[in-house]
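Colleague: mind folding the following:
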Amino acid sequence: MRGAHRLHTRSGTSLHRRRAGVPHGRVDAETGTVLGASTAAALAFGGGGEAGSDASSDGGSAESSKPGAAEFAKARKKVNNEDYEAAIPLLEKALKKDPKNADALNYLGYSHRKLGHTDQALGYYQQALAIEPKHRGANEYLGELYLELKQLDKAEERLKVLSTACNACEEYVELKEKVEAFKNGQSS
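Modeller: Residues are numbered from 1 along each chain as shown. This next block holds a predicted model:
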């Protein structure tokens, strides 16, 4: 899926950006305030972790007042622009303000994985799942990391968690496709 890049928040909401680098949803770069009624950063802070939760937002005012929200919103923008190195310190600041932010941990894992720091990525994904075991994004991306590390059995464990957490949600479907592709590549 080369045309779009997406990340998942705890509620399973995908964060997409078009190839041109324009993120869906908008964040005020100066204040970090989330703009728009259903932006992904707002959902990350307001959308609970239950599968199928459909968080509503009042435009971000409550969510952006959560500790670390401004840093998280700025980091999300950096990740959507594939500027992972710039996102990492912002995510670390967000975590200092809100140490139990599973979405920030997931983004740290994702950013480190994209930079090739597999050990650090693994640690952040595991921390996110310690806080929120059914975090859809962290389960999917940890499964993808396990495939990169050629640990099929562990990737299949993440797939099993997703199957019970969200019953054929986007994260499950995408990880299942990657697991199947991995298996087909091994048997060739």
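Colleague: got the contact list for the nearest residue to residue 84 once chain neighbours are set aside?
Modeller: Excluding the flanking residues, the one nearest residue 84 by C-beta to C-beta, 6 or more residues apart in numbering is residue 111, at 4.0 Å. For glycine as for every other residue, the C-beta is placed from the backbone atoms N, C-alpha and C. Residue 111 makes contacts with 79, 84, 85, 87, 88, 91, as judged by C-beta atoms under 8 Å, 6 or more residues apart in numbering.
Colleague: how does it look with 10 Å?
Modeller: Applying C-beta atoms under 10 Å, 6 or more residues apart in numbering to residue 111 gives the contacts 7, 75, 78-79, 82-88, 90-91, 117, 120-121, 124.
Colleague: could you do residue 99 as well?
Modeller: Here residue 99 is in contact with 67, 68, 105, 127, 131 (C-beta under 10 Å, 6+ apart).
Colleague: tell me where this structure has strands.
Modeller: Per DSSP state E, the chain carries strands over the ranges 4-8, 14-18, 26-27, 34-35.
Colleague: okay, now residue 155: neighbour count?
Modeller: Applying other C-beta atoms under 10 Å, we find 25 residues neighbouring residue 155.
Colleague: tally of neighbours for the nearest residue to it once chain neighbours are set aside?
Modeller: Nearest residue to residue 155, sequence neighbours excluded (C-beta to C-beta, 6+ apart): residue 146, at 4.0 Å. By other C-beta under 10 Å, the residues close to residue 146 number 23.
Colleague: packing partners for the lengthiest helix in the chain?
Modeller: Longest helix in the chain by number of residues (criterion: DSSP state H): helix 170-187. When contacts are defined as 3 or more C-beta pairs under 10 Å, 6 or more residues apart in numbering; DSSP states H and E, helix 170-187 sits against strand 4-8, strand 14-18, helix 136-148, helix 152-166.
Colleague: so, low pLDDT: which residues of the chain?
Modeller: For the chain, applying pLDDT under 70 flags the ranges 1-64, 187-188.
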